[in-house]
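In: Quick one, fold the following:
(one chain, ligands or ions: 2)
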Amino acid sequence: MSTETLIEPPLQDADALIADMGGRARAAAKIMATAPTAKKAEGLRAAAAQLRGQADAILDANARDMTAGEANGLTSAMLDRLRLDAGRLGGIADAVEAIAALPDPVGAEVDRAERPNGLVLRRVRVPLGVIGIIYESRPNVTADAAALGLMSGNAVILRGGSEAVRSNRAIHAALAAGLSEAGLPAEAVQLVPTQDRAAVGALLRAQGLVDIIIPRGGKGLVARVQDEARVPVLAHLDGICHTYIDAAADPDTAVALAVNAKMRRTGICGATETILIDRAYAAPRAIVDALVAAGCEVRGDTDIAALSPHVTPASATDWDCEYLDAIVSIAAVDGVAGALAHIDAHSSRHTDAIVTEDAAAADRFLAEVDSAIVMHNASTQFADGGEFGLGAEIGIATGRLHARGPVALEGLTTYKWLVHGTGQTRP
Ligand SMILES: NC(=O)C1=CN([C@@H]2O[C@H](COP(=O)(O)OP(=O)(O)OC[C@H]3O[C@@H](n4cnc5c(N)ncnc54)[C@H](OP(=O)(O)O)[C@@H]3O)[C@@H](O)[C@H]2O)C=CC1
Ligand SMILES: N[C@@H](CCC(=O)OP(=O)(O)O)C(=O)O
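Out: Ligands and ions are numbered 1, 2, ... in the order given. Prediction:
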């Protein structure tokens, strides 16, 4: 199969490229920050119409990405994330319109207080400014991230995965055309014009030009961000998620949640990768059997391997592995304390869950697990902005600061204090 070569301008100076983009984004961010809600919504609706109007060009670009991806041996899961068709593209345009209809967080009052001297203090939401987003090869993220960023009054600089480069360029062209048509600056949504990873490094270093970076990806990206970031980071990183089956778990619930948390969609960051089973739980074999019957490869410690000939021995690296596939590691632990110790050592702080009918065990787990999302008797696959009622998500924040868990419009804002006086002077 022949694949076309991707033509890119040679990257001479990554820092100069990002400085230029950042300067233009900052100017656009000033306009977006005070754009009325109706204007931003008009821009997004125009962008959605452009996505529909330019469907042929976008689908053609995506077909070229798919051809290259197949030739390069992408897995079926990656190809599925990359692939667009008329229905999926329609869904992307629908999502942009849905974001346009969400309540505008900008200007919303977070709280208000009146001091004894009569000063009125208000905290109101304001945009973050210029947001750089580095994300995987999934073209819908280009539109979702842009729409969320713009509706919350920001400018965005997008750097998508290389396998989706043609699709992203076509989608970006439609979004920019929509903004211009509505009289908003097209520079408020920019796509890094090169896949050279030097530009990622420059984005991570762009202090003063970029206000925050959202890296959305796995281990390679994590390492680079940890080494190089000088700009504040809202990390949306890997999901090594756990489901702990407590001694007091209802057996039917335990089987249903273990299978759903692992197998509903194995490739998403909220999929459970490790199941922990209390040594005092009565029916561990049923969990293993249900996973095997669902087509899952089970890797277990010695206790779990003794339960079934279908279990292969887990190695030390399994407990830190994000399979994103139909593979699970299972360990036996001693009660909630054992689960907490394992999670503390191996969780990526994305989402962890306990299955139990014991309220005290659940309370302890919810209080002591330090992850962005902690669940009781629910599947970790619910880690999703849509499922949380936020309308959409830019992803799941896995760090500890600013925003945790699903990030949508509110998570893309900060606040400022507005102080209203009547001439008070400080004694
Ligand atoms: N928490 C969340 O919300 C989400 C997390 N994820 C996580 O993402 C991962 C799956 O996506 P995957 O495609 O593997 O992600 P990758 O981490 O491979 O790629 C994501 C982006 O990061 C870039 N990148 C990766 N490594 C480097 C590097 N060393 N230097 C510069 N840029 C880099 C990629 O660029 P390039 O194209 O050049 O490879 C791509 O744009 C999983 O770990 C999953 O959990 C996914 C979605 C949401
Ligand atoms: N939160 C989203 C999944 C986000 C995600 O993991 O994306 P990806 O890894 O690109 O498939 C969901 O639950 O559908």
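In: excluding its backbone neighbours, what's nearest residue 43?
Out: residue 182 (3.9 Å; C-beta to C-beta, 6 or more residues apart in numbering). Just so you know, the C-beta spots here come from the backbone N, C-alpha and C atoms, and that holds for glycine as well.
In: So what touches the host helix or strand of residue 68?
Out: Using DSSP states H and E, the element containing residue 68 is helix 55-71. Here helix 55-71 makes contact (C-beta atoms under 8 Å, 6 or more residues apart in numbering) with 1, 3-4, 6, 51, 78-79, 82-86, 89, 137, 139, 163-167, 169-171, 173-174.
In: and it, C-alpha only, in CSV?
Out: What follows is helix 55-71, C-alpha atoms only, in CSV (Å, rounded to 0.1, in the frame of the first residue of the first chain):
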residue,chain,number,x,y,z
ALA,A,55,-17.0,17.2,5.7
ASP,A,56,-15.6,16.0,2.4
ALA,A,57,-12.2,17.6,3.0
ILE,A,58,-12.0,16.4,6.6
LEU,A,59,-13.0,12.8,5.8
ASP,A,60,-10.5,12.7,2.9
ALA,A,61,-7.8,13.9,5.2
ASN,A,62,-8.8,11.3,7.8
ALA,A,63,-8.8,8.6,5.1
ARG,A,64,-5.1,9.6,4.4
ASP,A,65,-4.3,9.4,8.1
MET,A,66,-5.9,5.9,8.3
THR,A,67,-4.0,4.7,5.2
ALA,A,68,-0.7,5.9,6.7
GLY,A,69,-1.7,4.5,10.1
GLU,A,70,-2.4,1.0,8.7
ALA,A,71,0.8,1.0,6.7
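In: Next, the buried residues of that helix.
Out: By 16 or more other C-beta atoms under 10 Å, the buried positions in helix 55-71 come out as 55, 58-59, 61-62, 64-66, 68-69.
In: CSV please, covering the residues you listed and showing pLDDT and distance to ligand 1.
Out: Below are those laid out as CSV (pLDDT from 0 to 100; distance: C-beta to the nearest ligand atom, whole Å):
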residue, pLDDT, distance to ligand 1
55, 98, 24
58, 98, 19
59, 98, 21
61, 98, 16
62, 98, 16
64, 98, 16
65, 98, 12
66, 98, 16
68, 97, 12
69, 97, 12
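In: still on that earlier bit, by neighbour count, sort out the buried ones in the contacts of helix 55-71.
Out: In these, burial by neighbour count holds for 51, 78-79, 82-84, 89, 137, 139, 163-167, 169-171, 173-174, counting by 16+ other C-beta under 10 Å.
In: May I have the predicted confidence score for whichever residue of the stretch 51-200 of the chain sits closest to ligand 2?
Out: When scored by C-beta to the nearest ligand atom, the stretch 51-200 of the chain has residue 138 as its residue closest to ligand 2, at 4.3 Å. For residue 138, the model assigns a pLDDT of 95.
In: so where does the residue nearest to it when sequence neighbours are not counted fall, helix or strand?
Out: Leaving aside its chain neighbours, residue 138 sits nearest to residue 81 (4.6 Å; criterion: C-beta to C-beta, 6+ apart). Residue 81 is part of helix 76-82 when elements are defined by DSSP H and E.
In: does that helix come close to ligand 1?
Out: No: against ligand 1, helix 76-82 shows no contacts by C-beta under 6 Å from any ligand atom, the least distance being 7.0 Å.
In: That helix: what's the following helix or strand?
Out: Using DSSP H and E, the helix or strand that directly follows helix 76-82 along the chain is helix 86-100.
In: what does the average pLDDT come to for that following helix?
Out: 97.
In: mind listing what's buried in it?
Out: For helix 86-100, by 16+ other C-beta under 10 Å, it's 89, 92-93, 95-97, 99-100.
In: That one near ligand 2 at all?
Out: No: figure legend: helix 86-100 not in contact with ligand 2 (C-beta under 6 Å from any ligand atom); closest approach 12.1 Å.
In: what angle separates that helix from helix 55-71?
Out: 120 degrees (axes from the mean of the first three to the mean of the last three C-alpha atoms, to 10 degrees).
In: And residue 53, how far from ligand 1?
Out: 27 Å (C-beta to the nearest ligand atom, to the nearest Å).
In: same thing with residue 247?
Out: Taking C-beta to the nearest ligand atom, one finds residue 247 at 30 Å from ligand 1.
In: what about that residue, is that helix, strand or coil?
Out: On the three-state scheme (DSSP: H, G, I helix; E, B strand; the rest coil), residue 247 is labelled coil.
In: Next, the contact list for it, please.
Out: For residue 247, counting by C-beta under 8 Å, 6+ apart, the contacting residues are 278, 280-282, 335, 356, 358.
In: could you flag which of those residues are buried?
Out: 278, 281, 335, 356.
In: Spatially nearest residue to the last one, not counting backbone neighbours?
Out: Right, residue 356. In space, and not counting its chain neighbours, residue 356 is closest to residue 246: 3.5 Å by C-beta to C-beta, 6+ apart.
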